[in-house]
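J.: Fold the following and give me the result.
(one chain, ligands or ions: 1)
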Amino acid sequence: MAAAFLAPAVARAGTSDIPALKDVFRDHFKIGMAVDPWVAVEPPARDILIKHASSITACEVMKPDPMGVAADIYSFGDADALVDFARSHGIAVRGHTLCWHKRASDWFFAGDPADAAYASRVQARLETYVVNVVSHFRGKVYAWDVVNEAAADSGADVGGGAYRDSRWHQVLGPDYIDIAFRAARAADPAVQLFLNDYGLEKPDKRQRFMTILDEKLKRGVPVDGVGHQLHLSIGSTTAADIEPALAAVEARGLVSHVTELDISVYGDPASCWDTPPAGCQPEILPGSAAYDAALKAQADMYRSLFDLFTAHKSVTSVTTWGVADDQTWLDAYPIMRKNYPLLFDAQGKPKPAFRAVADTTHPAE
Ligand code: XIL
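T.: Numbers count the residues shown, from 1 in each chain. Take a look at the predicted model:
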């Protein structure tokens, strides 16, 4: 027990022969990984984070429902533990997320919507929450996803408009975004503030997102950058699909963070994400020919994406949504099925995708 505890981190993970990702990309962007505090302190995540990561995002514990327990009641313990772990290893922390259509607890919306003062009460609760949370982490978090997933998925939302028909939008209209960003800026003048979303590689979604962003910039809302989630799957997306989203951000003088990158090994049709899911691919098992082929295709895709990111100076942080394949949200989404979307396998060993990304001089094997 004691010997295992004292063994050098890299030797335990069996990865002492590989370069540290944070060093490989030091001149380009931070290398981030999303993790929960209880996962971060155990192998294999712990060793990988310490060696490779220059940024950590909380998968869960900085979302509004775990932190904002009730009006004026906060629970920062889990988030503080993750921040302490990161800081003790010289790793920066990205905050995720202050305002989202999901995970917004009912207490934000308590009261009678017919009451003339209802909207201003909801606004005050949002402002107070954002100010208190951002103040709590002032100087410890370098960037916040202030608003997550504000853009509509289809033109059907909000009368064909750009905004998602969220509870926030229903009560406060498009101003909820202004309110959240201005409160965050008031609480920490130095932290970078992001509008984070998915699907920006798709032209119609990108157009809705940029409509929102332009409205906010015109009004002087303090948006510093755009978060590109990039939950992808093999064959779904090319670097050429993503490039226009980075270019659109650059054209507005902002920076981009890749905030939630993972590449599912399943080439599912869109119907797999419907309720109920339809047409999802059957589970692939390690050791099978299908597994090896999927990992090869995944490596090629990771490589082309990192080539794109390094070609854009505006990309200042790249985070994978998870550390190693032992823990990934894609094991449960869109269906229960083991997935292998990250750079390290379930034992923490580097995958073909890692080698493709870390080897900056040769094409993917
Ligand atoms: C995911 C978490 O990883 C899961 O553990 C949780 O059950 C659902 O949320 N977009 C986001 C992230 O912005 O917060 C989501 O995280 C994944 C999709």
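J.: where does this structure have low pLDDT?
T.: By pLDDT under 70, the weakly predicted segments of the chain are 1-16, 155-160, 360-365.
J.: Tell me where the stretch 201-350 of the chain has helices.
T.: Taking DSSP state H, counting those that start in this stretch as the criterion, the stretch 201-350 of the chain carries its helices at 203-218, 239-251, 289-311.
J.: Equivalent analysis for the stretch 51-200 of the chain, please.
T.: 64-67, 77-88, 118-136, 167-172, 175-187.
J.: Near the ligand, which residues of the protein? Just list them.
T.: Neighbours of the ligand within the chain, by C-beta under 6 Å from any ligand atom: 59, 60, 148, 229, 260, 329. Where you see a C-beta, it was placed from the backbone N, CA and C, and this is true even at glycine.
J.: Try it again at 8 Å.
T.: Residues of the chain lying close to the ligand (C-beta under 8 Å from any ligand atom) are 34, 36, 59-60, 63, 96-97, 100, 102-103, 145, 148-149, 196, 198, 229, 231, 259-260, 321-322, 329, 332-333.
J.: Put the buried members of the residues you listed into a PyMOL selection.
T.: Remark: buried members of the residues of the chain next to the ligand, expressed as a PyMOL selection using 16 or more other C-beta atoms under 10 Å:
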select buried, resi 34+36+59+60+63+96+97+100+145+148+149+196+198+229+231+259+260+321+322+329
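J.: Please verify my assumption that residue 346 contacts residue 323.
T.: No. Taking contacts as C-beta atoms under 8 Å, residue 346 lies outside contact range of residue 323: 10.8 Å.
J.: what touches both of the two?
T.: Contact with both residue 346 and residue 323 is made by residues residue 44, according to C-beta atoms under 8 Å, 6 or more residues apart in numbering.
J.: which of the two has more neighbours?
T.: For residue 346 versus residue 323, neighbours defined as other C-beta atoms under 10 Å are more numerous around residue 323 (28 against 15).
J.: Enumerate every residue touching the more buried one.
T.: The contact partners of residue 323, by C-beta under 8 Å, 6+ apart, come to 33, 34, 35, 39, 40, 44, 45, 48, 49, 342, 344.
J.: which one of these is nearest the ligand?
T.: Relative to the ligand, the closest of these is residue 34; by C-beta to the nearest ligand atom it sits at 6.9 Å.
J.: Now name the helix or strand holding the closest one.
T.: Residue 34 is located in strand 30-35, with elements delineated by DSSP states H and E.
J.: quick one, that strand and helix 77-88 angle?
T.: In terms of direction (axes from the mean of the first three to the mean of the last three C-alpha atoms, to 10 degrees), strand 30-35 departs from helix 77-88 by 150 degrees.
J.: Name the stretch among the helices of the stretch 51-200 of the chain that sits most buried.
T.: Highest mean neighbour count among the helices of the stretch 51-200 of the chain (mean count of other C-beta atoms under 10 Å): helix 175-187, with a mean of 21.
J.: Where does the stretch 251-365 of the chain get nearest to the ligand, residue-wise?
T.: residue 329 (3.5 Å).
J.: ok, residue 285 - how many residues close by?
T.: Neighbours around residue 285, by other C-beta under 10 Å: 9.
J.: Would you list the phi and psi of it?
T.: Note on residue 285: its backbone torsions stand at phi -110, psi 140 [degrees, to the nearest 10].
J.: same check, this time on the one 3 residues further on
T.: Main-chain dihedrals, residue 288, degrees, to the nearest 10: phi -80, psi 160.
J.: Not counting its neighbours along the chain, what's nearest residue 163?
T.: Once flanking residues are discounted, residue 163 sits nearest to residue 169: 5.2 Å by C-beta to C-beta, 6 or more residues apart in numbering.
J.: and what of residue 210?
T.: Closest to residue 210 by C-beta to C-beta, 6+ apart is residue 248, at 5.7 Å.
J.: The one you found reaches residue 211, doesn't it?
T.: No. Between residue 248 and residue 211 there is no contact, the gap being 11.2 Å when judged by C-beta under 8 Å.
J.: Contact partners for the closest residue to the ligand within the stretch 51-200 of the chain?
T.: The stretch 51-200 of the chain approaches the ligand most closely through residue 59 (4.4 Å), counting by C-beta to the nearest ligand atom. Residues near residue 59 by C-beta under 8 Å, 6+ apart: 34, 35, 36, 39, 321, 322, 329.
J.: let's go with 6 Å and repeat that
T.: Residue 59 sits next to 34, 36 when contact means C-beta atoms under 6 Å, 6 or more residues apart in numbering.
J.: any idea how far residue 260 is from it?
T.: Counting by C-beta to C-beta, to the nearest Å, the separation of residue 59 from residue 260 is 9 Å.
J.: now residue 313
T.: The gap separating residue 313 from residue 260 is 21 Å, by C-beta to C-beta.
J.: still on that earlier bit, show me the one of the helices of the stretch 51-200 of the chain that comes nearest residue 358.
T.: Judged by C-beta to C-beta, the one of the helices of the stretch 51-200 of the chain that comes nearest to residue 358 is helix 77-88, at 21.8 Å.
J.: any idea of the angle the closest one forms with helix 118-136?
T.: Between helix 77-88 and helix 118-136, the angle comes out at 40 degrees (the same axes, to 10 degrees).
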